[in-house]
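Engineer: coordinates only, no sequence provided:
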């Protein structure tokens, strides 16, 4: 019975549409043009203030490891429901938003290199839950076909271990713009907490055993590290 319940929960996670009542996001990665990093951040901050009017929670994050090229920033929109998401999408056609877009494109400061939609595995997480987060790491994994029930159990076990060792964990399915990968997001309140937590994880026999038991379930795609520049309060 317990195994059947775990399988049901796993299938619910991987098949739940992005219209579910859970924290959902869209991330837009911008790479600054040469010498235009400060200007790009200014434009993203202006965009954030406008998108907040539409009900979105907005985060701006600078990547410092794992992204090629010049200064890169993730512009992240978050919502707690499909209705809130739709309100922002409608706002993107408004005169106010279009006037802003027309103005900033007169003097370009960055290039959009990636966009992606995601749905949090944990329906209890809200878009406001990230306001006080500090540095983070994102590990992107490609699931092995046919192994999702085991992958779900492994990732939830990893989440429990990592949170017990001082990290905050959120796990996302890719939606539109993605290819079915899983994003395992680790965040901390500051760099010192992050360092202490990672040292504890590296020496955790429980986590090592979990890693050994999970060989073949997923394959690594990419990893990045960054720090927040701004988040809606």
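Structural biologist: Good, I have the coordinates. Just so you know, these numbers come straight off a predicted model, no measurement behind them.
Engineer: buried ones in stretch 67-86?
Structural biologist: With burial defined by 16 or more other C-beta atoms under 10 Å, the residues of stretch 67-86 counted as buried are 67, 71-81, 84-85. Where C-beta positions appear, they are placed from N, C-alpha and C, glycine not excepted.
Engineer: average model confidence for it?
Structural biologist: Rounded to a whole number, the mean pLDDT of stretch 67-86 is 92.
Engineer: now, among the buried residues of stretch 67-86, which is nearest to residue 135?
Structural biologist: Checking the buried residues of stretch 67-86 against residue 135 by C-beta to C-beta gives residue 74 as the nearest, at 13.3 Å.
Engineer: filter the buried residues of stretch 67-86 down to just the ones in strands.
Structural biologist: Cross-referencing the buried residues of stretch 67-86 against strands under DSSP state E gives 72, 73, 74, 75, 76, 77, 78, 79.
Engineer: would you check which pair of the residues you listed lies furthest apart?
Structural biologist: Spatial extent of those (C-beta to C-beta) is set by the pair 72 and 79 at 23.6 Å.
Engineer: now do the longest strand anywhere in the chain: distance to the chain's middle.
Structural biologist: The longest strand of the chain (DSSP E) is strand 218-231. On the basis of C-alpha atoms, centre = their mean, to the nearest Å, strand 218-231 sits 8 Å off its chain's mean C-alpha point.
Engineer: try stretch 101-111
Structural biologist: Chain-centre distance of stretch 101-111: 25 Å, with C-alpha atoms, centre = their mean.
Engineer: of all the buried residues of stretch 67-86, which two lie farthest apart?
Structural biologist: 71 and 81 (33.2 Å).
Engineer: okay, now the nearest residue to residue 147 once chain neighbours are set aside: neighbour count?
Structural biologist: Closest residue in space to residue 147, ignoring its immediate chain neighbours: residue 217 at 5.1 Å, by C-beta to C-beta, 6 or more residues apart in numbering. Number of residues near residue 217 (other C-beta atoms under 10 Å) recorded here: 17.
Engineer: can you check residue 118 too?
Structural biologist: 26.
Engineer: ok, it touching residue 176?
Structural biologist: No: the criterion here is C-beta atoms under 8 Å, and residue 118 misses it with residue 176 at 9.4 Å.
Engineer: before we move on, the earlier item: contact partners for the residue nearest to residue 147?
Structural biologist: 143, 144, 147, 150, 151, 154 (C-beta atoms under 8 Å, 6 or more residues apart in numbering).
Engineer: go with 10 Å
Structural biologist: Contacts for residue 217 (C-beta atoms under 10 Å, 6 or more residues apart in numbering) come out as 141, 143, 144, 147, 148, 150, 151, 152, 153, 154, 155.
Engineer: how about residue 199?
Structural biologist: Contact analysis of residue 199 by C-beta under 10 Å, 6+ apart lists 165, 166.
Engineer: which helix or which strand is home to it?
Structural biologist: helix 191-202 (DSSP states H and E).
Engineer: buried stuff in that helix?
Structural biologist: For helix 191-202, by 16+ other C-beta under 10 Å, it's 193, 194, 197, 198, 200, 201.
Engineer: could the residues you listed go into TSV alongside distance to residue 169?
Structural biologist: Converted to TSV, these look like this (distance: C-beta to C-beta, whole Å):
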residue	distance to residue 169
193	14
194	13
197	11
198	13
200	14
201	11
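Engineer: now, which of these sits nearest residue 41?
Structural biologist: Distance to residue 41, by C-beta to C-beta, is smallest for residue 194 among the buried residues of helix 191-202, at 22.6 Å.
Engineer: how far away is that closest one from residue 165?
Structural biologist: 11 Å (C-beta to C-beta, to the nearest Å).
Engineer: again with residue 195
Structural biologist: 12 Å.
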